[in-house]
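Asker: whatever this is, show me its structure:
(chains A, B and C)
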Amino acid sequence: MNISNILQKWYAANKRNLPWRQTKNPYYIWISEVILQQTRVAQGISYYLNFIKKYPTVKLLANASEKDVLNLWQGLGYYSRARNMLYASKQILEKFNGKIPDNYSQIIEIKGIGKYTASAILSIAYDKPYPVVDGNVLRVLSRLYGYAKPVNINAGYNDIYKIAAKLIDKKNPGNHNQAIMEFGALICSPVPYCENCILKLICVAYKNKIIDKIPVKTKKAKQKIRYFNYFFVQNKNSFYIRKRNFKDIWENMYDFPLIETKKKELLINIINSDKWYEIFQQIKPKKIKYINSIVHILTHQKIKTTFYNVQIEHELIDTNNAYIKITKKEIKNFPFPNLINQFFNTQFFN
DNA sequence: CATTCGTGGCC
DNA sequence: TGGCCAAGAAT
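Answerer: Have a look, this model is predicted:
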């Protein structure tokens, strides 16, 4: 038995029962693959079920609003995936007659579908022999073959890709690809379960006792620290939000009026300064109150956040038309990043 | 091609 | 606790 056969046999006996494994519908496979990009299976399952329930076809997705799609994606992170999927659904509808292409050159044109997702859809939904190389495959194959150079650069990725291409079962590519990924997720995990591994006798890293040193990765850049001051501006039972319609984190999501500072700074006196008027075009508020401070961690940024409550007695004079006045009941209609969403669950807000 | 895009779980 | 990492893609 070759390696693929061993993995597929293991997979048949040990695979998890996941909702997207009950279909070969290319649309569903596409949705699942995008949701699972850089996302754990446990976190993605409910989003997948909600997504295919609300948008069961390409056409229904293509006719959705971005705000609704982002709302469904809220809390999952990497929101460009949702924006790209909406764009992609229109591409599929118009250029490919509503059908996910079954060939590489066309499917790779679709927004949000890169080398991995193209290969995953083609192999799983259409039985085409394209090898997937994701984080699992990089780990499994680098250990198995004792590949001790960095895998998170192009050269390393290309080396592993060649191995993956040589290894693939051309008669059962979808099953093969899922088997090796599942094996990486459950057995050859970052902290591996070598005692349960069916490949340990032929695993170079295991034989050389360097499992904990492979895969090799180059260092990541240090997190940037940013200081956000969010103003929960309140006018009786209404408050103000705005859409982040500019190039930064959380693009096209909603949040509160924000003042970013370059260092840690308490802006409790801002209503007595000209700065308040410059930003909000608003006469001096009735009162401002510090609420709390939290730290929100992103992959490349650490957001040190302070929330303030500002009570005003007149409407915001919003010459830039930047703010939307809403009540608490309307919150669920708008997609917020989790930093803001968590605020809605605090004692202050309720 | 290195960086940037969230969030949550794990140790 | 801080760092690593998860079915990656766009720029």
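
Asker: and chain A, which residues reach DNA strand B?
Answerer: A:38-40, A:42-43, A:75-80, A:153-154, A:191, A:221, A:224, A:248-251, A:296-301, A:337-339 (C-beta under 7 Å from any atom of the strand). For every residue, glycine as well, the C-beta is placed using N, CA and C.

Asker: in chain A, which helix or strand is least confident?
Answerer: helix A:274-280 (a mean of 79; mean pLDDT, DSSP states H and E).

Asker: run the chain-centre distance for it.
Answerer: 35 Å (C-alpha atoms, centre = their mean, to the nearest Å).

Asker: again, but for stretch A:187-204
Answerer: Centroid displacement of stretch A:187-204 relative to its chain, using C-alpha atoms, centre = their mean, is 28 Å.

Asker: likewise for stretch A:136-146?
Answerer: That offset, for stretch A:136-146, works out to 24 Å (C-alpha atoms, centre = their mean).

Asker: show residues contacting it.
Answerer: A:3, A:131, A:147-148, A:151-152, A:156-157, A:160, A:163-164, A:167, A:180-185, A:188-190, A:192, A:199, A:202-206, A:208, A:210-211, A:214-216 (C-beta atoms under 8 Å, 6 or more residues apart in numbering).

Asker: then stretch A:97-110?
Answerer: With contact meaning C-beta under 8 Å, 6+ apart, stretch A:97-110 is reached by A:26-27, A:30, A:58-59, A:88, A:91-92, A:95-96, A:113-115, A:118-119, A:121-122, A:125-126, A:128, A:130.

Asker: and with 6 Å instead?
Answerer: Outside stretch A:97-110, the residues within contact range by C-beta atoms under 6 Å, 6 or more residues apart in numbering are A:P26, A:W30, A:V58, A:A88, A:Q91, A:I113, A:A118, A:Y126.

Asker: kindly provide the distance from the fifth one to A:N196.
Answerer: Just to be clear, that refers to A:Q91. 43 Å (C-beta to C-beta, to the nearest Å).

Asker: which one of those two has more residues nearby?
Answerer: Neighbours were counted for A:Q91 and for A:N196 using other C-beta atoms under 10 Å; A:Q91 has more, 19 against 11.

Asker: quick check: closest non-adjacent residue to the more buried one.
Answerer: A:I110 (5.5 Å; C-beta to C-beta, 6 or more residues apart in numbering).

Asker: phi, psi of A:Y323?
Answerer: Dihedral pair for A:Y323: phi -110, psi 150, per degrees, to the nearest 10.

Asker: surely it is in contact with A:F239?
Answerer: No: A:Y323 lies out of contact with A:F239 (C-beta atoms under 6 Å); the separation is 9.5 Å.

Asker: what is the burial count for the residue in chain A that DNA strand B sits nearest to?
Answerer: Nearest residue of chain A to DNA strand B (C-beta to the nearest atom of the strand) works out as A:G77 at 2.5 Å. As a burial measure, A:G77 scores 15 neighbours (other C-beta under 10 Å).

Asker: still on that earlier bit, using the three-state scheme, assign the residue nearest to A:Q91.
Answerer: Reducing the assignment at A:I110 to three states with DSSP: H, G, I helix; E, B strand; the rest coil gives coil.

Asker: that one: neighbour count?
Answerer: Neighbours around A:I110, by other C-beta under 10 Å: 23.
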